[in-house]
Structures are given as C-alpha cells and as structure tokens.
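[1] generate coordinates for the sequence data below:
(2 chains)
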Number of protein chains: 2
Amino acid sequence: MTSLAPWRSPLARALHRNRSLVYARYVQLATVRQNGHPANRTVVFRGFWADTNQLRFVTDNRSEKVSEITLSPWAEVCWYFPNTREQFRLAGRLSLISHNEPDSTLQKARQQIWQELSDAARSQFAWADPGMPRVDAAAFEVEPPDAQTPLVNFDLLLFDPHRVDHLELRGNPQNRFIYSLVENNWSQTEVNP
Amino acid sequence: MTSLAPWRSPLARALHRNRSLVYARYVQLATVRQNGHPANRTVVFRGFWADTNQLRFVTDNRSEKVSEITLSPWAEVCWYFPNTREQFRLAGRLSLISHNEPDSTLQKARQQIWQELSDAARSQFAWADPGMPRVDAAAFEVEPPDAQTPLVNFDLLLFDPHRVDHLELRGNPQNRFIYSLVENNWSQTEVNP
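    As a prediction, this is how the structure comes out:
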C-alpha cells in the first residue's frame, strides 16, 4: 500500500479538465538507446497500477524500446495538456512485465491490462514484426487474439516516477512545481518557470 | 543550398492539415542528461532555417537542456499530430547558437529568430533564473527587452535530423516509413507499423 504522491492530485485535475481530448492521454516516453542517443515516442497512458503511483503502458516486446529498456530502465515522460496549457515531466524507472514474469501479482497485472484492451488494440500484437520491411497487407488481417490470455510478445510496462516537474503556462507569471522522492518521501518545491 | 529531404513533404502536409491547433507546432524534445538518463520536454517548432532541413527552436541558456546538449548533442523529437493521427520521430543532432557564436551567418540566424518572437516570448528571457527557488512576482514583471538585439542568455537551437520515422495511425493497417540520411543522401523504406 503506497500513499498517493502529491503530484497525483494536479495530474488527476489535468486529466479531468482535458477529458474531452482523447489524445490528452497520449504521452511522450523518452528512453536511451544502446548507442547513448535518446529515443522518444508517443504511448497511451492506461491508468495507475492498483494503489501505487506507477503508470501503466503496454508494449510489444518485438519493438526497439524493449531492448533499450532492458539495457537502461531510466525514462522521462513528457505530458502536455492542451486545454489547460500545462506540462508534467515525470522522470523515473521502467519495469517490463513479460510473459515469463515469475511474480504472480505482476503477472496478474499483465493479464488484467490485456483483458482491458479493445479487440483492435489486442490485434496489433498479432501483426507482422514492427519495424521490419513492409509485408503484404494479409499479415495485418488477423482474427482478434483470445481476450483472456495475453500473447507472448505482449508486455506490461510499469513506470515509477521519482521526480515530477509540473509547469502551468497559464498563470502570469507561470507556475512551476518540482516534486522529488527522497527516501520514500515526496518533497514539493516551487521554482521559477 | 540543401535539397529538400523527402520527409519534408509529408511533414508540411501534416502541419497544414493540423493548422487549426496551435499546439500542433509543439513537439517533445528528448536529450540525455549528464547521468545518462533521458530528459524530455515540450518545445515550440519555429520553422526551418533558411533553405536547410534543420528545425529551429529557441532556448534560455540558463536552462538544464543547454548543459545537457553541450555534453551530448544527440536528440530525438517526437511530434504527434492529433487531427491526422500521425507521428514523426526525428533523430538527429542539436547545435546551440549562443551570443558568442563566431560564425556570422549563424549569428544572424540567432538575431533573426529573436526579432521574430513576440514581446511576451522575449520577456521570458528577462525573467528570474528558471528552475531556481521561486522568487517574488516582481522578478517577472519586466519591460519587454529590445526587439532587435537578443539578450545574452538567448540561444538559437538548430536540429539536424538524420533519421525520420513517420507513422500514420489512420490507415488499416497503419502505414510507417523510415527516412535515413546516408552519405548526404536520403533513403526511404516502408516498414511494418
């Protein structure tokens, strides 16, 4: 049982105030490639895991980000909310929960999120290898996979932030708050924008 | 004189089709911190530099990203277009053009983009140190700086992509193209989404 981090309340408010925009749940996830260069892509926020402060994403373990994360679990999520003109930057650590995850609670979390997906989202995991030379359209005309049991290439991605930088562009001047996790306690500081 | 890269045309089309959204010109810029962790923040795309394929951004050289870029110039821009549901990931190298840039063409480019900014945007460069503990509101009530001559902490940021990954989520199946710069020539490949 984790207590709710202090940045959860402004983030929940932003999600609520931007709920009319489906893409307000899309965030940009930066990781570091094997060659030390950054990688950055859009992923869909799929809620928090149980009563923790860990964000849930899903990924195909055939994608490049999985090998990147295996080498370096550090990530930064950038989350811009258009309606309220505010940004959250969340720095933290990623965990990959794959088909051979031995922890039964985590394995259950992986199954649960698979069951929550739409048929269309699940079907993408049965598509041809992402990033490989384009194959015939037939390789994308798949029957939706079983809705109960995740495909082996389906991973749950948990993201555990340790620093959150919240910038509100609306104020005049703007407002900016830094939340930091130190020895299991969150501190909060107001800084110049 | 550089020839227009082949990804410029789909990017121009996306900008045009999303022109009703001011935030379709906001992109997420990922860099790597001194400790090897990624950093990620929203920046405003300010057009291309002259007849090159280099994207223009501006930054305050008191911000963390400037010291990050000095150590590692590699970056990845993630650009999501909500109206057309497409994403461009641009990997490349950043150059900082600061007040002591000796190249006169680049120094002129820095002055030009300063002159193009609004008074409100220019005023932010006269604000109190970003990221430092919050100071009194008076430190943000500044007269707009001179519109001709950039403040010394104002930097032009040029981003030179060498790989562009364009994903169109709309098609069924989706479409994905990779553009790569090899020995001054751009190649284009279609890959699985």
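[2] show me where pLDDT drops low in chain A?
    A:1 (pLDDT under 70).
[3] return the top strand by length along it as PDB; C-alpha atoms alone will do.
    Counting residues, the longest strand in chain A under DSSP state E turns out to be strand A:154-168. Output of strand A:154-168 as PDB, limited to C-alpha atoms (Å, rounded to 0.1, in the frame of the first residue of the first chain):
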ATOM      1  CA  PHE A 154       2.700  -8.600 -25.000                       C
ATOM      2  CA  ASP A 155       4.400  -6.700 -22.200                       C
ATOM      3  CA  LEU A 156       3.100  -4.500 -19.400                       C
ATOM      4  CA  LEU A 157       5.300  -1.500 -18.800                       C
ATOM      5  CA  LEU A 158       5.200   0.000 -15.300                       C
ATOM      6  CA  PHE A 159       6.700   3.400 -14.800                       C
ATOM      7  CA  ASP A 160       7.700   4.500 -11.300                       C
ATOM      8  CA  PRO A 161       8.400   8.300 -11.200                       C
ATOM      9  CA  HIS A 162      10.900   9.700  -8.700                       C
ATOM     10  CA  ARG A 163      10.800  13.300  -9.900                       C
ATOM     11  CA  VAL A 164       7.900  15.300 -11.300                       C
ATOM     12  CA  ASP A 165       8.200  18.800 -12.800                       C
ATOM     13  CA  HIS A 166       4.800  20.500 -13.200                       C
ATOM     14  CA  LEU A 167       4.600  23.700 -15.300                       C
ATOM     15  CA  GLU A 168       1.500  25.700 -15.700                       C
END
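[4] what's the helix or strand following that strand in contact with?
    Downstream of strand A:154-168, the next assigned helix or strand under DSSP states H and E is strand A:175-182. Residues from elsewhere that reach strand A:175-182, judged by CB atoms under 8 Å, 6 or more residues apart in numbering or on different chains: A:5-7, A:10, A:161-168, A:186-193, B:131, B:134. No exception for glycine: its C-beta is placed from N, CA and C like everyone else's.
[5] helix or strand for the residue nearest to the spatial centre of chain A, just tell me which one.
    Centroid check for chain A by CA atoms, centre = their mean gives residue A:57 as the closest residue, at 3.9 Å. In the assignment (DSSP H and E), residue A:57 maps to strand A:55-60.
[6] run the angle between that strand and strand A:154-168 for me.
    140 degrees (axes from the mean of the first three to the mean of the last three CA atoms, to 10 degrees).
[7] after strand A:55-60 comes which helix or strand?
    helix A:64-71.
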